[in-house]
Every structure is written in structure tokens, then in C-alpha cells.
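*Asks:* build me a structure from this.
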Amino acid sequence: MSSILDTFAFAKRIPATPSIGSTTVTKPDHIHLSFGFAAPDLFPIELLSQSAADAVTLYGRKALQYSGSGGPGKVLHWIQQRSLVHGIQADSNQILVTYGSTQGIDLATRILVDPGDHVWVESPSFFSALQAFRTAEAHITSFPIDGDGVRVDLIEEALLEAKRNNRPIPKLFYTMPTYHNPGGVTLSLERRKRLAHLAETYNFFILEDDAYSELNFTGDRYPALYTLIPQRVIYLNTFSKIIGPGLRLGWVIADSRVIEKMRLLNLGGSIGVFTQEILAELLQRLPFQEHIDRLIAHYRRQRDVLAAALRASFGDHVTFHLPEGGFYIWLTFRKDVNTSAFVQAAADLGVSFVDGKSFFVNPEGYHHARLCFSYVNEEQLVRGVQHMADAYFDYIGRTVS
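*Replies:* All right, here's what the predicted structure looks like:
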């Protein structure tokens, strides 16, 4: 059906955004291994309900104004205190509350990157970040990951070659160093130190997306890149994975001059002040470390169930790195497998996953797939993997014959 908008010229910088991983499926019995969602049974609903009621009855008349009541200040203080656990010390003028960490990616891109500037990323990388860089009309270069995170040695070689041949140095390197999405790997300490040194030497920013660091299954802590070179890192985190994504609240920590420029782009003023009022009340009531420990125990068990199901259903047809935290397992099939070729067949059988090509800058990654273990229950994990395996082996049978 034609529309009057068919002849309208929208801005060319808006890229096409196809649906990813059958995310449009709405059947109630569908198993969404594609959704990077938190477990709904772990949301602190009762405390959140009490917090929302108090936010209205005690502070509502002020909290519903543009600047809010005392909630935003309390949330800011909580971020400062919790950041100390990760070795990050930040003054209040170095912190900006955002609509999730994804807005932090957008703001960092908008203040740093002009059309034609160079942005370097990991390969694979978070697809929403890639969208932000494409929309900014940046030149994007990617570098592979292995079991220890991104290949910093290849980044260094590329920087040396760029300098030698008078080619552009990146404005920005985007990384998810801890419990990578989608790769599930963690950047080693040695590589973190080397990457920080390169950012200082070559004068570029690191955009550090630390969305999953609280979900630590082993107890081993890695220093945030921000702690190694604070003036060259823009640090992102979020309440989406630890409280609930529907809050749409995250934060940026960076040099105060960076934060000041980001504030200029927040045309509507402070972010979600009434939501911050509710969150502030919740954080005062919630025994936070107990809450985190409960999340960790649950997600670690979910990871193990998914890993066991993959071994049982796929055998040696897939390999994967067992993540030390986060939400995801990244599958690798044989090089001649195209996961995009059976993603719809899997959806028809009742399970969604994200085919690998969605996470790459260039046309590659077809023999990979991302599975999320956080959202569905254990029985659904096992059944979903079996449905996916059925679609895969049917695809293999058809391509071989």
C-alpha cells in the first residue's frame, strides 16, 4: 500500500535497521534466545512498588517538575559510591545520568565524531553501537577478538602503519572489555594496560561499555579501563542489567569537560527525574549486594544449563567460550555454515537467536550465532536449543544433499 511518505526524502544518515533475531515474534510460547533481557522473576517488584508509592506521596509535587526533587542527587551519590567498588573515583561533575548506556554511546559519538572521522571497534561488536557510528557517518574499522578479548597487538600495528603513512588516527575505540556482547570473552589485564597506553600515545578516546561487570560469575575482578587512563576513557554503565531495563537509566563517567559537552546535547534537561526519584527510594531499601549475589547465582546456573544443552544437542558441530559473566554465549560453527540460512526455520519451530552477521562491520560472521541465557527459564533453554539444533541439522542435510 502506497503512502504519501513514499516520496519524502528522509535524512540520508539514517541507516536501514532490519529486525534482529526474530525479535518481532510475539507468540506467547516462543522461546527468545535472541533477547538480551534480564530475568523478569528477579525484578525487585515489591520494593519497587513501595518506592514508587513513596516517590508520589512524599515527593510527587516536586519530583514531577523539570528538575525533580532529591532523587537525582541520591542516584548520583549512589553511582559515586558503587563505582568505588570497581576502583573508579569520580566527582559529581564527572557523572551524567542517561537513558540507558545506549544513550551514552550516542552522546559520546555525537561530541567526538564528525562525518568522515574514524572509529575503531571490536569484531564482533554490539550492533546498537555500530548503528550509532554508521549514523554519524564514521569510517568504521574492526579488529578481531580471541579468548583474551580484542587483539590489541593488531590495533597497535594499525596505529603504527597509520602514523607511518600519514593516515587518520581513530577518534574513538569502542570496546566492551568485560563479559563482551556478543563474544562472552574478557579483555586480559595485559591487553587492558596496552590499550590504555595506546590511547595516551596516539591521542584517541576509549569508549568503555561496562554494562555487565556486576554479573561476575568467578569473583575475579578486572580493572576498568577508566582506572588506567581516566582522561582518555568515557565509561558507560547501566541499571538495565541489575535492576530492570524498563527504567531506561544508565550513566557516563568521564572528564568533566566531556560531560559538559554531553550536557549541551541533553536538550530536555535532566534525564527521567521522576524515574530517578523512584530509583533513589528503591536503592535505599534494596540490600544491593545480596540482590547482586542472587542475580549472579541465577545467571551462572542459566549459563551452565545452556552450555550443557548445546553440548548435548550440537555435539562437536559448535564451539564456544564459556563466559565468566554477563548474558551471552557466542557460537562458532564450521566456516561453510551460514546461520542466517536457518534463523527463520528456527523461528518457525519456536525459538529465536541472533545470526552472527548482525555483529560485524563488514559482510562476515555468518558462521556465528549469539544465544542469550538470561531471559527464559531452564526448561525453555533446553527446549529452545533442541529446536535450534533441529533447524540446523535440517539445513545441513539440505545443503549437503
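
*Asks:* where does the stretch 1-150 of the chain have low pLDDT?
*Replies:* Confidence mapping of the stretch 1-150 of the chain against pLDDT under 70 gives the ranges 1-2, 15-26.

*Asks:* go with 50
*Replies:* By pLDDT under 50, the low-scoring segments of the stretch 1-150 of the chain are 21-22.

*Asks:* all strands for it, in order.
*Replies:* 31-32, 95-98, 118-123, 139-146, 149-150 (DSSP state E, counting those that start in this stretch).

*Asks:* of all these, which one is nearest residue 248?
*Replies:* Residue 248 lies closest, by CB to CB, to one member of the strands of the stretch 1-150 of the chain: strand 95-98, at 8.9 Å. For glycine as for every other residue, the C-beta is placed from the backbone atoms N, C-alpha and C.

*Asks:* buried set for the closest one?
*Replies:* Neighbour counts over strand 95-98 (16 or more other CB atoms under 10 Å) mark 95, 96, 97, 98 as buried.

*Asks:* try stretch 390-400
*Replies:* 390, 391, 392, 395, 396.

*Asks:* quick check, nearest of those residues to residue 248?
*Replies:* So of these, ranked by how close each gets to residue 248 (CB to CB), first place is residue 391, at 33.7 Å.

*Asks:* settle this for me: that closest one is touching residue 341, isn't it.
*Replies:* No. Using CB atoms under 8 Å, residue 391 makes no contact with residue 341, being 9.6 Å away.

*Asks:* re earlier: keep only those of the buried residues of stretch 390-400 that are in helices.
*Replies:* Applying DSSP state H to these, the entries found in helices are 390, 391, 392, 395, 396.

*Asks:* residues in contact with the fourth one?
*Replies:* What it means is residue 395. 341, 342, 345 (CB atoms under 8 Å, 6 or more residues apart in numbering).

*Asks:* can you select the buried ones from the residues you listed in PyMOL?
*Replies:* To isolate the buried ones among the contacts of residue 395 in PyMOL, judged by 16+ other CB under 10 Å, type:
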select buried, resi 342+345
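
*Asks:* returning to that earlier point: between the ones in helices among the buried residues of stretch 390-400, which is closest to residue 227?
*Replies:* Looking across these and measuring by CB to CB, the closest to residue 227 is residue 392, at 42.1 Å.

*Asks:* per-residue confidence at the residue lying closest to the closest one once chain neighbours are set aside?
*Replies:* Leaving out its chain neighbours, the residue that sits closest to residue 392 by CB to CB, 6 or more residues apart in numbering is residue 342, at 5.7 Å. At residue 342, the model reports a pLDDT of 97.
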